[in-house]
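Enquirer: sequence first, then the predicted structure:
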Amino acid sequence: MGQKMKITGWVAAGAFAGVLTTVSLQTVARGSLAPLPLEELQQLAAVFGMVKSDYVEPVDEKKLISDAISGMVAGLDPHSQYFDKKSFKEFREGTTGRFVGVGIEISQEDGLIKVVSPIEGSPAFRAGLKPNDLITKIDDTAVRGLSLNEAVKRMRGEANTKVLLTIFRKDENRTFPVTITREEIRTQSVRGKVMEPGYAWIRLSQFQERTVDDFVKKVEEIYKQDPNLKGLVLDLRNDPGGLLDAAVAISAAFLPENVTVVSTDGQLAESKSIYKAAPEFYQRRAGSDPLRNLPAALKTVPLVVLVNEGSASASEIVAGALQDHKRATIMGSQTFGKGSVQTVRPLGPDTGLKITTARYYTPSGTSIQAKGIVPNVLVDESAEGSPFAALRMREADLEKHLASGQGPESKDPEREKARDEARKRLEEEAKKPPQDRKVPEFGATDDFALAQAVKSLKGQPVLVSKTQVIVDNKEEKKDN
C-alpha cells in the first residue's frame, strides 16, 4: 500500500438538501513544487495592486486574497474547495457528527422548512417538535425564500444561546412559538429494526466517525432480538457519503478478510493505494478492531443493498465492493457517480484546502466517477415508478466535473427525454394537496423499494422497473 494514509472526511450540514459529501484522504504535502509561472504570478500581483489602489471603494486585502484562492480552487472541479475560518469549522463539525443546534432533521415543503424528525434527546425533541411540523420563522426571519442551508445556519449557533422558532402544526391547524436553547448535538447516522421474524433493515444516512460503532451496536441489537436472521437489507439510499475508513469498515463487516474493498489512483504516490477488508485499513485506534464483536453470521446472511441517485461517494464504495464480490444484490436506481478522492490539508490553524487528488475504483478496477453503480435489479420508488428521479442531479450533471478516466462520456438523449417528462409530471404533482404528495419515509410500512428488497430475500417475485434509464453504462476497467 505504500505509506499508510490517515483518513479523514467531510459530511456537509444540510444533507437533506442533497449537499454532497466527499471521501477524503489526509496525505503529506509534496516535498518539492514544480517551477512557478513567474509571469502569471506577476500579473496576479499587478491586478491585486490595481484593485487595492484604483477600485472605487477601499477593499479588504485579506478578503481579496481569500477570494482569489477560492476562485482558483473552484475552477478545478465541483468538490475542490478553499475553507475560510467559518467553513473549516463547519467541515470539522460534519466529520464528527457533532454540531451545536436544536437537533432536528429537516427538508423543504412549499417554501417552508419541514421537520422530518427531531433527534431523540435533543432540545427540539424535549420541546415537543414533531415530524411534519412546519417552521415558518426563525427568530424574526421568515423562512419562505430561504434555502435549506440558510435555514440550517440560522438555527445553529453557540451553545446555550436561544433561538425562537414559529411552528405551524398542520394536523392541529395552529401556529405557535417555541423557544429552544441550542446545545451540542450528536447526529444518529444508523437506524435499524427487525421488520418481521427473520428479516431486518439497517439504514446508514451518512458515514461519520461514530457510524461504525453505531452500526455494530445496531447489528448486535438486531441479532439479540432475532438470532436466526434469514435476510438483511442494508439501506444506503440518499446516503451522500463521508469517511473512507467507515466505508471500508462497513464493507469489511460483510466481506471475507483481506479482500480488496476499494483502490485509489492519482499523481501522488500516497494516492495510489489499495484498501482491504482488514482492521489496519479502517481502525482508528491501534490494536482495536471495532468489528470484533459482530456476530459471525453477518458474513453469510443473505444481503440486499438499496441505493438510489442520492447514494454517493462512500456509499458507492460499499455498494461497489459488495457487488463486485457478489456478496449482495444491489437494488434500486443508478447511484450518483461521485468517484473522486479529496485531500484536506490545513493551511493554518483555522483555514484549509480540500483538493481532488485521485479517483477511486471498485475491486474489479471500474471507475464510478460520473457513472455510478448500476444495480443488479432496477427498482422504482413506488409502484407507480420513479417519476421525478430523472430530475435529480448526478455527478455527470455538475459543471466542471472530473471525467471517469475510462473513455469519453456521452449525453444520453433518452435521459433528456425522461427529464422533460418528469418536469411535466412534477408540474401536475404540484397541483395536488400536500398530503397527496407525501413521499413514504424510508423504513416505513409503505416503503415500496424496501418491500421489494424483502421479497428478493424471500425468493419471491420483485416488481422490476420498466422505465429507468441507465446513464453511460460501460464495462470499462482500469489497468492494474
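Expert: Ah, there it is.
Enquirer: what sits opposite V194 in the beta ladder?
Expert: With DSSP bridges applied, V194 shows beta-bridge pairing to A200.
Enquirer: pLDDT value on it, please?
Expert: Looking at V194, its pLDDT is 98.
Enquirer: going forward can the numbers begin at 37, since that is how I track them
Expert: Will do, 37 is the new start, and the previous item becomes V230.
Enquirer: now for the strand ranked longest in the chain, which elements pack on it?
Expert: Identified as the longest strand of the chain according to DSSP state E is strand 388-397. Using 3 or more C-beta pairs under 8 Å, 6 or more residues apart in numbering; DSSP states H and E, the elements in contact with strand 388-397 are strand 58-62, strand 117-119, helix 121-132, strand 296-302, strand 376-382. Placement of C-beta: from N, CA and C, glycine included.
Enquirer: buried sites along the second one?
Expert: Read it as strand 117-119. Q117, Y118, F119 (16 or more other C-beta atoms under 10 Å).
Enquirer: save those as JSON lines, and put in distance to A289 and pLDDT too.
Expert: Below are those laid out as JSON lines (distance: C-beta to C-beta, whole Å; pLDDT from 0 to 100):
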{"residue": "Q117", "distance to A289": "31", "pLDDT": "88"}
{"residue": "Y118", "distance to A289": "36", "pLDDT": "90"}
{"residue": "F119", "distance to A289": "32", "pLDDT": "87"}
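Enquirer: ok, back up a step: can you name the next helix or strand after the longest strand of the chain?
Expert: strand 413-414 (DSSP states H and E).
Enquirer: does that next one pack against any helices or strands, and if so which?
Expert: By 3+ C-beta pairs under 8 Å, 6+ apart, strand 413-414 packs against strand 365-368.
Enquirer: in terms of secondary structure, what does the strand it packs on contact?
Expert: Using 3+ C-beta pairs under 8 Å, 6+ apart: strand 365-368 touches strand 339-343, helix 350-360, strand 413-414, helix 484-494.
Enquirer: so where is the chain shaky, pLDDT-wise?
Expert: 37-70, 129-133, 156, 421-430, 432-436, 439-476, 503, 505, 507-516 (pLDDT under 70).
Enquirer: SS state for N274?
Expert: Three-state call for N274 (DSSP: H, G, I helix; E, B strand; the rest coil): coil.
Enquirer: typo on my end, it should be E306
Expert: Recorded secondary structure, E306: helix (three-state DSSP).
Enquirer: what sits against V255?
Expert: G228, I238, A289, L330, P331, L334 (C-beta atoms under 8 Å, 6 or more residues apart in numbering).
Enquirer: check the offset of stretch 290-306 from the chain's centre.
Expert: 20 Å (C-alpha atoms, centre = their mean, to the nearest Å).
Enquirer: start and end of it, how far apart?
Expert: Stretch 290-306 has an end-to-end distance of 27 Å (C-alpha to C-alpha, to the nearest Å).
Enquirer: L270: neighbouring residues, count only.
Expert: 26 (other C-beta atoms under 10 Å).
Enquirer: before we move on, the earlier item: how about the helices and strands packed on strand 388-397 in JSON lines, adding distance to R180?
Expert: Formatted as JSON lines, the helices and strands packed on strand 388-397 follow (distance: least, C-beta to C-beta, whole Å):
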{"stretch": "strand 58-62", "distance to R180": "31"}
{"stretch": "strand 117-119", "distance to R180": "29"}
{"stretch": "helix 121-132", "distance to R180": "24"}
{"stretch": "strand 296-302", "distance to R180": "43"}
{"stretch": "strand 376-382", "distance to R180": "34"}
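Enquirer: which of those sits most buried?
Expert: Neighbour counts (mean count of other C-beta atoms under 10 Å) averaged over each of the helices and strands packed on strand 388-397 peak at strand 58-62, with a mean of 25.
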